[in-house]
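Asker: No letters, just coordinates:
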């Protein structure tokens, strides 16, 4: 049996890997107590609710839905979109350094992100390193989200990639597992140094 070809292309997730996005960056300004903030994010503006915006649901619809269910939290719910940019805390510098090294070595770079089509234009101008990517697939723009295998197929088809020749990096274990199932060299991101070792072991750094 022929040995599998080594990877020559790298696909990055963005939030949690290259960009420090977290609703807590905003809501710590709005709640006096940490436990009250955590309760709100666990029971009102939940991760599952936010995922539907990543899938393409408009924020106006999503906000109205929650305000109807939790009218006493109206101001906090509306802040999620109205002050969304305050959830961004800049780049994850160690990973950006890895990205720049890969770019300097001529490695083809792509991104696959679960991100709302409405908030993506708000974030993109703040991160010049996004220009390093030859292509970026945004879930909210196509109505598919990770870990659905269909979004990985969309990625490879749109950018003429071969999964077996791509490293895929994501901070979600479920997304990394799905990528591996689709044939990618998947890496569950837990920090820039572990990522650097993973890439070096595959001859990319």
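Answerer: In hand now; what should we look at? Remember, it's a predicted structure, so these values are computed and weren't measured experimentally.

Asker: Any stretches of the protein with poor pLDDT?
Answerer: For the chain, the stretches flagged by pLDDT under 70 are 1-4.

Asker: can you give me the helices for it?
Answerer: Taking DSSP state H, the helices of the chain run over residues 24-30, 34-43, 47-54, 59-69, 74-82, 93-104, 120-123, 139-142, 149-159, 173-181, 192-201.

Asker: To residue 167, which of the ones you listed lies closest?
Answerer: Closest to residue 167 of those is helix 192-201 (C-beta to C-beta; 6.8 Å). C-beta coordinates here come from the backbone N, C-alpha and C atoms, glycine included.

Asker: any residues touching that closest one, and which ones?
Answerer: Applying C-beta atoms under 8 Å, 6 or more residues apart in numbering, the contact partners of helix 192-201 are 10, 92, 94-95, 97-98, 102, 167, 169, 187, 189, 205.

Asker: can you check stretch 58-67 too?
Answerer: Contacts of stretch 58-67 (C-beta under 8 Å, 6+ apart): 44-45, 49, 52-53, 73-74, 77-78, 80-81, 116, 118-119.

Asker: Closest one to residue 19 out of those, please.
Answerer: Set against residue 19, the nearest of the contacts of stretch 58-67 by C-beta to C-beta is residue 119 (11.5 Å).

Asker: Just the buried ones among the contacts of stretch 58-67, please.
Answerer: The neighbour-count test (16 or more other C-beta atoms under 10 Å) marks 44-45, 49, 52-53, 73, 77, 80-81, 116, 118-119 as buried among these.

Asker: Can you name the residues that contact the residue lying closest to residue 27 once chain neighbours are set aside?
Answerer: Once flanking residues are discounted, residue 27 sits nearest to residue 37: 4.8 Å by C-beta to C-beta, 6 or more residues apart in numbering. Residue 37 makes contact with 24, 27-28, 30-31, according to C-beta under 8 Å, 6+ apart.

Asker: Repeat that for residue 40.
Answerer: Residue 40 sits next to 27, 31, 73, 76 when contact means C-beta under 8 Å, 6+ apart.

Asker: ok so, going back, same list, the buried ones among the contacts of stretch 58-67, but as a markdown table with distance to residue 16 please.
Answerer: Shown next, in a markdown table, are these (distance: C-beta to C-beta, whole Å):
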| residue | distance to residue 16 |
| --- | --- |
| 44 | 22 |
| 45 | 17 |
| 49 | 18 |
| 52 | 19 |
| 53 | 16 |
| 73 | 25 |
| 77 | 23 |
| 80 | 18 |
| 81 | 20 |
| 116 | 15 |
| 118 | 19 |
| 119 | 15 |
